Every structure is written in structure tokens, then in C-alpha cells.
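Asker: from the sequence below, what's the structure:
(2 chains)
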There are 2 protein chains.
Amino acid sequence: MSLAVTLADVEAAADRLAGVAVETPLLESPALNDQLGARVLIKAETLQRVGAFKFRGAYNRLVQLSPEERRRGVVAFSSGNHAQGVALAARLLDMPAVIVMPSDAPAVKVEATRGYGAEVRSYDRLTESREAIAAEIAAERGAIVVPAFDDPHIIAGQGTVGLELASQAEARGVRLDLALAPVSGGGLLAGLSVALKAHTPATQIWGVEPAGFDDLGQSLAAGRRITIKPPGRSLCDALESPFPGELTFPILQRHLAGAAAVSDAEVAEAMRYAFATLKLVVEPGGAAGLAALLAGHVPTAGRTVGLVLSGGNVDPELFARVIRGEL
Amino acid sequence: MSLAVTLADVEAAADRLAGVAVETPLLESPALNDQLGARVLIKAETLQRVGAFKFRGAYNRLVQLSPEERRRGVVAFSSGNHAQGVALAARLLDMPAVIVMPSDAPAVKVEATRGYGAEVRSYDRLTESREAIAAEIAAERGAIVVPAFDDPHIIAGQGTVGLELASQAEARGVRLDLALAPVSGGGLLAGLSVALKAHTPATQIWGVEPAGFDDLGQSLAAGRRITIKPPGRSLCDALESPFPGELTFPILQRHLAGAAAVSDAEVAEAMRYAFATLKLVVEPGGAAGLAALLAGHVPTAGRTVGLVLSGGNVDPELFARVIRGEL
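Answerer: Predicted structure coming up:
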């Protein structure tokens, strides 16, 4: 079966993002290396515009709209990082944007989305359908709905993380044995896997998802897309998709070595480690890969590992509780 | 008058540190650039080993000791970051180290110093002399005292920050109009100024110190080293030296465009900005330069600015209070 996104698509996205997105640094911490007995190259997407990789895919999608489409604007639904990515991309391209966000989304994510000039439409997770609200707004205004992950341009945009990771590792003369990234709907992981597998086919790629939200792990085991029944909320507000995407899953199925699941406690511990040792602010979902490494869910001894820290948008109150050890 | 440290000294230090210290990244935040109407290149020494630039100078000093000196070990006094730098350098070079630290030093700094294997001797700021304690230990053990800033090898080691900043800026095709770094005794700023002025003589270099601890500003104005009477404590625990160094001051006097002073409130605001927008953990003293920029103490509009974030070692409890706006 042919996949929805090719290396050429990711490379074209990289051209569109050049000079617009940040080429995030590949960091290395001797302390983390010592602790794991491995060499970990940290792709810090926390340092991307809007504080998360999501800007890449959103911009790659919006910049390809026609002048007429740009005039009508876009609508998206998101708990936070895709919201900010779409809002900033729309502002840079001078387009109106409406973002449908759950009423319990992290306040920093809602405020930042408004700060980028988007109109925020709040909804109640339990009683309202975000898809229905977005469809209604799209119908009223003729606006384009921008999916969070199940879209070839979004996947290709996120894939530029993998392209940079591959070329930055190569520039250091290093070949990655492993690569880990957090996964929800799979846009980042799918795009990254297309780029990495094209450059270094031997790199084993792992997705990391919250325990209880292991739809990817279950889907990989079943050989088909499984929708899970969420057990409640995860600390990782950005990783709560109950199923892998229709476009992302075949890509993940083709490229992944496996999926690991991390508990809220392991994620909180990883956030504390990032604070105390790496000196990086990482949001819960962004720290899932680091949590998997620190908890030993993916064996790394003696290996070279590419690790994506995917986002850093976390409410001060939650961050304070985590670093004080209250979570 | 000839200065205590030359470009050749800094370059020799860089050779000694190659593969040992982290070449810290030069980061750029479109959001910060927009806010200041400037281009700010952030030299993130928070990502250095031990979480601060101090490792550079300490290692450059210790690696030049003779086998006999290494056997007897070293002693240093420090409120925290120099302590960790000396402790880790000593561990890497397999030497004993005793660090004399004030009993009210940040707990993370004391624990990390012990974690690197150093013996910590606690003292009371009000009733004991750290110099006397260190001298006594040195006499007993034949250990070498490693000064925090007033030593050519320490200054040269810290100067490698400036060497990297110059070459990283050049690699981006950028010439720095300005450079800012926090200053206490002046080791970092003196070393950095030697490197930067050799590469781009037109770069204006500023030191930033806590209000009330403006010994550098007063000394520059007076044309001689002034010792201030500290008005109490500063939020910037790392920047409380009451005088510029004997070796550092002539270097600073030769190279600096000026010194700016920042209040505790401005520093706390800068730490919040680093948390929320840059996604970086910065300790109070490390954020002094950023505080000066955000508060408008150094005019930056339309200019290209090199900014050193010098350290990220901050107690979780203090960091929590700052990001919650309690400080």
C-alpha cells in the first residue's frame, strides 16, 4: 500500500518552513548520557515557535491555501498546541482563524492562542461535539477545517522534525540506533518516521503514549486501528487521542519498532528531571519519551538515541506542583 | 597596562575543554525578537555541565595541575555554581575536592556539589570567614585553593563562552552590536570580553548586576575598584560579590561599554519570561541579562544582541514561587 506522505513531501515542507520555523537545536546532556549508559541526542521542539512542533504542520498546511481560501480563513479544534500552531500560522499569513478548544484546556494554551489573534470558541468535552462545532463554523464562513494530524500536509510539516534530526545527527557523525517521540494521533511520529527511515533505515523508531491511552500499542498488536475507551484524563493533556489516524496508522505500522506506555508518575518524574538536570521546561505530553527512557521501558544501554521533547506549554501552577513533588 | 588574560589564553582553554565541556547552543526566539524589536542570540550556559558556565573555568584550572598537586586535591569556596564546577572537574580528573559553602546556599547547589563527590564544609556567613576556613584546609592537606574568579586560568576558561558566541554568531553571518552577561566577581564577563573584543571590536559589552550590588557600576564610574556594603541579600544568590576582582577589573575597564543594574522584581519577571516563552529554566543570577533587556535598561531596538543566560541551578521551591508570581 502506498503511504500518504513521502520523503519528497517532507522535503517540500522543509523548504516552505525555511526561515519561518526555528531549526531547533539537538542538545546533549553528559549527565543524562551517564545515567542511561547511552548517548541521547535531544531534539528540543520545546524551543520551536509556539513552544511545540505543531507550528510546523500548521504552517505547511496554511501556506498552501489559495488567496480565496485564505480570505475565508481556517477553523481547527485542539486542546492546545495545534491550536497555537494554527493561530500563529494564520497570523503570519494574515488569515482569520477560529479555534475550538475544550473549556478545561490548559490556561496558558488558551491565552497564547488568543494572543496570536485567533478567535477561541470554548466547548464542554462531556456535552458538546467539537467536530460538529467546527463543521458548523466552517459551513457558516466557508472556512477550511485544519485537522490536527490526519492530513498529508500536517504530517509532512511535522516530519521536518525528523529531517532536521537526521541531518543534525549526521553532522555530528552519529547514526541513531533508536528514536523516540510522544504519540497521540500520530502526526509527528508518522512524519518523523518517513524522514528518518529514508535517511537511516536501521534506526528503530518508538512511539510513547500515556498508559491507558495506548491505542497505538493496541492497534499495532491487532494490526488494525483500535479506538480505546479513555480511562479518565491523562496528565499528558496533549496525548489523549483515543485512536491513531487513518493516514498516520499505515505509516506507523510500516516504520515503527514498537510503542511504549508511561504512567503519569513516570511523566512527572521526567518533567522534574528535565527541570533539575536538563534545565528545560517540558510539558507532560512533551516529556513522554524522556519518561520512557528514564523508566527503562525502552532499552538504551550502549546505544545512540534520538529523543524528541515535543512541547513545553504547561500551566505554571501544574509545573509548580510537579517540581515540588506533589504529582 | 597588560591584561591578565589574552585571546591566546582563551583559545588554549578552548582546546583543553574540547570534548569535555558542552558547546552550548546559540538559541533564538522569534517571540523575544518581536517583543524587543531586536535580534537576540541566546548563549544558553544553563545547558552547560553542572548547569552553569562555571565548569569551564574550573576544569581549565584543575586540568593544569601537576600529578603531585592533583594527589593533594583542591579546595574552593562558593555559594554554588563554582562549587559544582570544581566538584565535577575534580571528579573527572580523579582528584579530591573540599568545597566551603554557606549554610544558606541553595539546597540544589549543595546537593549537586556532594553528588559530584566533593566534601562540603558548611559555614555561617555572619560568624565565620570562608577564606580562613579554606586556607586552613589548604594548609592541612597541601590542597590548592581554586578562586572563583580572580585567576587567569579561571577567567580564560569562562572566556570560552565568548569564543563560542563569536564563532556561532559568525556562522550565522551575524555581527553582534551588543553583548550582555551577568557579573559578580567578573570572571565570565572578563573572559568573554577578551574573546569578543578580539573577534568583533565594535561589539558593545555590558555587565548586568543586581541593584544594590552594583560594585562594578560604581567601580567603572570611579575608575578604581570599589567595595560596596551589601544592602542585605539579593534574589541573585550567584551575583553577590561586593567587589570586582583584582585581575578582572582592569579587563572590564578596558572592554566594557557599561554596567546595568536590575531589581529582584525584574529578575523574577525575566525568570517567568524564560519559563513561559523561552521554555528554559534559568536561575535568578542567570537571568540578570535577560531582565536588563526586558526592563529596557540597555537599548536594543534594531540591534543584534548576544545574551548569556549563565546558569539554571534554582531550588524547585523558589522556582515554583517565582512562576506562580509570588516573587
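Asker: ok, so what distance separates the residue of the stretch 51-200 of chain A found nearest chain B from B:Leu280?
Answerer: For the stretch 51-200 of chain A, the residue closest to chain B is A:Gly51, as judged by C-beta to the nearest C-beta, at 5.6 Å. In this view, the C-beta of every residue, glycine as well, is placed from N, C-alpha and C. Using C-beta to C-beta, to the nearest Å, A:Gly51 is found at 11 Å from B:Leu280.
Asker: compare the two (neighbour count), which wins?
Answerer: Comparing A:Gly51 with B:Leu280 by other C-beta atoms under 10 Å in any protein chain shown, the one with more neighbours is A:Gly51, at 32 against 27.
Asker: the more buried one reaches A:Gly85, doesn't it?
Answerer: No. Look at A:Gly51 against A:Gly85 with C-beta atoms under 8 Å: they stay out of range, at 9.8 Å.
Asker: return the residues of the stretch 101-250 of chain A in contact with chain B.
Answerer: By C-beta under 8 Å from any C-beta of the partner chain, the part of the stretch 101-250 of chain A that sits against chain B consists of A:Val108.
Asker: helices of the stretch 101-250 of chain A, start to end?
Answerer: For the stretch 101-250 of chain A, applying DSSP state H, counting those that start in this stretch gives helices covering A:107-115, A:130-141, A:152-171, A:187-199, A:215-222, A:248-255.
Asker: any chance of those helices in a markdown table, plus mean pLDDT, distance to B:Met271 and mean neighbour count?
Answerer: Formatted as a markdown table, those follow (pLDDT from 0 to 100; distance: least, C-beta to C-beta, whole Å; neighbours: other C-beta atoms under 10 Å in any protein chain shown):
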| stretch | mean pLDDT | distance to B:Met271 | mean neighbour count |
| --- | --- | --- | --- |
| helix A:107-115 | 94 | 16 | 20 |
| helix A:130-141 | 95 | 35 | 15 |
| helix A:152-171 | 98 | 28 | 25 |
| helix A:187-199 | 98 | 29 | 28 |
| helix A:215-222 | 98 | 37 | 20 |
| helix A:248-255 | 98 | 38 | 21 |
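Asker: which single residue of the stretch 151-300 of chain A ends up nearest chain B?
Answerer: A:Lys279 (3.5 Å).
Asker: what's near enough to touch the nearest residue to A:His153 once chain neighbours are set aside?
Answerer: In space, and not counting its chain neighbours, A:His153 is closest to A:Arg61: 4.3 Å by C-beta to C-beta, 6 or more residues apart in numbering or on different chains. With contact taken as C-beta atoms under 8 Å, 6 or more residues apart in numbering or on different chains, A:Arg61 is in contact with A:Ala89, A:Val146, A:Asp151, A:His153, A:Ile154, A:Gly157.
Asker: again, only this time at 6 Å
Answerer: Residues near A:Arg61 by C-beta atoms under 6 Å, 6 or more residues apart in numbering or on different chains: A:Val146, A:His153, A:Ile154.
Asker: leaving out sequence neighbours, find the closest residue to the last one.
Answerer: Nearest-residue entry for A:Ile154: A:Gly57, 3.8 Å, with adjacent residues in sequence omitted and distances by C-beta to C-beta, 6+ apart.
Asker: ok, the one you found to B:Val267 distance?
Answerer: 36 Å.
Asker: what's the answer for A:Glu68, then?
Answerer: 50 Å.
Asker: more crowded one of these two?
Answerer: More neighbours surround B:Val267 than the other of A:Glu68 and B:Val267, with 32 against 8 (other C-beta under 10 Å).
Asker: and the host helix or strand of the more buried one, what's its mean pLDDT?
Answerer: Assigned by DSSP states H and E, B:Val267 belongs to helix B:264-273. Rounded to a whole number, the mean pLDDT of helix B:264-273 is 98.
Asker: just checking, next helix/strand downstream of it?
Answerer: Proceeding N to C from helix B:264-273, the next assigned helix or strand is helix B:288-294, under DSSP H and E.
Asker: number of nearby residues for A:Lys229?
Answerer: By other C-beta under 10 Å, the residues close to A:Lys229 number 7.
Asker: and the nearest residue to it once chain neighbours are set aside, how many residues sit next to it?
Answerer: Nearest non-adjacent residue to A:Lys229, counting by C-beta to C-beta, 6+ apart: A:Pro242, 7.4 Å away. The number of residues packed near A:Pro242 is 13, by other C-beta under 10 Å.
Asker: pretty sure A:Pro242 contacts A:Arg225?
Answerer: No. Between A:Pro242 and A:Arg225 there is no contact under C-beta atoms under 6 Å: 10.5 Å.
Asker: ramachandran angles for A:Gln84?
Answerer: The phi/psi pair for A:Gln84 (degrees, to the nearest 10) reads phi -70, psi -40.
Asker: what pLDDT is listed against it?
Answerer: 96.
Asker: ok, it - contacts?
Answerer: By C-beta under 6 Å, 6+ apart, the residues touching A:Gln84 are A:Val50, A:Ala112, A:Thr113.
Asker: quick check: the residue of the stretch 51-200 of chain A closest to chain B vs B:Asp9, distance?
Answerer: From A:Gly51 to B:Asp9 the distance is 40 Å (C-beta to C-beta).
Asker: next: A:Ser66.
Answerer: In this view, A:Ser66 and B:Asp9 are 60 Å apart by C-beta to C-beta.
Asker: and what of A:Val5?
Answerer: 52 Å.
Asker: more neighbours: those two, which one.
Answerer: Counted by other C-beta under 10 Å, A:Val5 and B:Asp9 do not tie: A:Val5 has more neighbours, with 26 against 21.
Asker: the more buried one - nearest residue in space that isn't next to it in sequence?
Answerer: Once flanking residues are discounted, A:Val5 sits nearest to A:Ile155: 4.7 Å by C-beta to C-beta, 6+ apart.
Asker: contact partners for the one you found?
Answerer: With the criterion set at C-beta under 6 Å, 6+ apart, A:Ile155 makes contact with A:Val5, A:Gly187, A:Ala190, A:Gly191.
Asker: same question, A:Ala211
Answerer: Here A:Ala211 is in contact with A:Ala261, A:Ser263 (C-beta under 6 Å, 6+ apart).
Asker: could you check how far it is from A:Gly191?
Answerer: A:Ala211 sits 25 Å away from A:Gly191, going by C-beta to C-beta.
Asker: doesn't A:Ala257 lie inside a strand?
Answerer: Yes. Under DSSP: H, G, I helix; E, B strand; the rest coil, A:Ala257 sits within a strand.
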